[in-house]
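> Based on what follows, work out the 3D shape:
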Amino acid sequence: MVEIQMSTLGLVDEWKKPAHGTQYLAALSASMGAMAVGSAIGYSSPASAALLSKPPTNTSDNTTSAPEWLAENDHQLSLTPMENNWFAASLSAGALVGCVVAGFSLNTLGRKGTMLASLVPLMLGWALIGFAQNIGMLVTGRVLCGLCTGITSLVCPTYTTEYASKDIRGALGSGFQLFITIGILYAYLFGAVVESWRWLVLVCAVVGGIYFLLAIFIKESPTFLLSKGKEEEARASMQYFRGTACDISPEVDTANSPGTFAAYVCMCLGCIFNIFSGPLSGYISSFRIYTGQDKGDTPVSSKVVIDLMRAAGLLGKGYEVHTDNWYTSPCLFHYLPSRWVSSVSTVRVDRKCMPRDLQLKARGDVNCRSTKTGMMCLQWGPSQCCSRVTRARWS
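Residues are numbered from 1 along each chain as shown. All right, here's what the predicted structure looks like:
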């Protein structure tokens, strides 16, 4: 008899457990907003590589011309480094305004209404960026995308925590940050294969379209409905999320609208600190994926060095760069002095364009070769063969 009673109690407890399927579906719908935000954050990185103005090339007899991948595309809009910084950072300015807007719209439009409304500035922003003809259109588009970023960063976590049951609330809440990262990765991966920054806009805007389609079918937050005195609608919404077999009466009776003011203040302060930390802080503006598919004269490893030095503003200032074997190439060492950079590096003898007659005959020997352009390669063998290539900048 005792076993039967315990079994019966177990069935009752199992019957009272909330269903999870509808909650996971709603979390996926809200998390697509986070992915849309992530794609907006990550977009500036691959776009910057195409938008940045390219430095002039030196075609004198003493240097080789810059590789084709460094040539300026006259048919595309180009930005100066400072303009590019503001293009990347203007997203956070829009996010600051978005947090303020979200604080009011959460309790007027509701959670679902605010999510749908946030897509208006997002799509307008992508349209402005895609059809941009000047820096003003680019920055305005980024600010509009940032407006959606600020709204989404407040409304989606709020919505998820209000409908989620206690046993999976933590797991569903963590999905927001996860999908932001996925969105950034999404922009990076497609940025590596989509050459045009305008077409990349379309790829990123697709995520917003999916977010819209999913958000249409989600239920409004029960907490918001209760705050507006709509108890019957709130019970129907809660029953949808918990399943028909779950008793929702205790949860509805004790439900109160959680204070969103604290989250609102934290998001606003975060955006303020981000903006005043500098135009490059918080959002990515210099990230490049090297696929190794470029068949040009300049090795991918050398492009990494040039891109990093350009992003850091080190070209043309008389610095000296030291690299190891993987990053070294004669092509790189011909290019750097034309940008007023000295270079010293170790290198393998069988590297492309290295002199083939540079061979040691005995241990302890030293051998060297030099070119008319001032590049010298030195090889010595104290215990094992070592090679070094160097070239000084022009004086």
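
> How about V97: what's its closest non-neighbour residue?
Using C-beta to C-beta, 6 or more residues apart in numbering and skipping the chain neighbours, the partner closest in space to V97 is L147 (5.7 Å). In short, each C-beta sits where N, CA and C put it, glycine included.

> so where does that neighbour fall, helix or strand?
In the assignment (DSSP states H and E), L147 maps to helix 135-163.

> ok, now which ones touch the residue nearest to V97?
94-95, 97-98, 101, 118, 121-122, 125 (C-beta atoms under 8 Å, 6 or more residues apart in numbering).

> let's see it at 6 Å
Counting by C-beta atoms under 6 Å, 6 or more residues apart in numbering, L147 touches 94, 97-98, 121.

> As a markdown table, those residues with pLDDT, secondary structure and neighbour count would be great.
Shown next, in a markdown table, are the contacts of L147 (pLDDT from 0 to 100; DSSP: H, G, I helix; E, B strand; the rest coil; neighbours: other C-beta atoms under 10 Å):
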| residue | pLDDT | secondary structure | neighbour count |
| --- | --- | --- | --- |
| G94 | 90 | helix | 26 |
| V97 | 89 | helix | 18 |
| G98 | 89 | helix | 29 |
| P121 | 95 | helix | 23 |
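
> quick one: the helices in this structure?
Counting by DSSP state H, the chain has helices at residues 2-16, 21-51, 81-105, 110-130, 135-163, 169-193, 197-216, 222-227, 231-242, 249-254, 261-276, 300-311, 330-335.

> TSV for those helices, including distance to V347?
Below are these laid out as TSV (distance: least, C-beta to C-beta, whole Å):
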stretch	distance to V347
helix 2-16	69
helix 21-51	27
helix 81-105	31
helix 110-130	42
helix 135-163	41
helix 169-193	28
helix 197-216	35
helix 222-227	65
helix 231-242	63
helix 249-254	69
helix 261-276	42
helix 300-311	11
helix 330-335	8
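
> Could you verify my assumption that P222 touches A236?
No: with contacts counted by C-beta atoms under 6 Å, P222 stays clear of A236, the gap being 8.7 Å.

> and these two? which has more neighbours close in?
P222 (26 against 15; other C-beta atoms under 10 Å).

> And the more buried one, how far from V155?
Using C-beta to C-beta, to the nearest Å, P222 is found at 15 Å from V155.

> where's T371 relative to F333, distance?
The gap separating T371 from F333 is 10 Å, by C-beta to C-beta.

> Which one's more surrounded, those two?
Neighbour comparison, T371 and F333: the larger count goes to F333, with 28 against 13 (by other C-beta under 10 Å).

> Can you verify my assumption that the more buried one contacts S342?
No: under the criterion of C-beta under 6 Å, F333 makes no contact with S342, lying 9.6 Å away.

> residues contacting F241?
By C-beta under 6 Å, 6+ apart, F241 lies in contact with 22-23, 163.

> let's go with 8 Å and repeat that
Neighbours of F241 in contact, by C-beta under 8 Å, 6+ apart: 18-19, 22-23, 26, 163-165, 219, 222.

> Closest one to Q177 out of those, please.
Checking these against Q177 with C-beta to C-beta, the nearest one is A164 at 15.3 Å.

> L315 - how many residues pack around it?
For L315, using other C-beta under 10 Å, the count is 18.

> Could you pull up phi and psi at it?
When read as degrees, to the nearest 10, the backbone of L315 gives phi -80, psi 140.

> Please parse the chain into its domains.
Per automatic domain parsing, the domain ranges recorded for the chain read 15-276, 300-391.

> what about V37, how many residues close to it?
Count around V37 with other C-beta under 10 Å applied: 31.

> again, but for A50
With other C-beta under 10 Å as criterion, A50 counts 18.

> One more: I151?
Using other C-beta under 10 Å, I151 has 31 neighbouring residues.

> Over to S90?
By the criterion of other C-beta under 10 Å, S90 has 23 neighbours.

> so what's it closest to, chain neighbours aside?
Spatial nearest neighbour of S90, excluding adjacent residues (C-beta to C-beta, 6+ apart): R142 at 4.3 Å.

> same question, C368
L378 (4.5 Å).

> what do you get for F217?
Nearest residue to F217, sequence neighbours excluded (C-beta to C-beta, 6+ apart): S29, at 7.5 Å.

> Since that was my last question, I'll sign off now.
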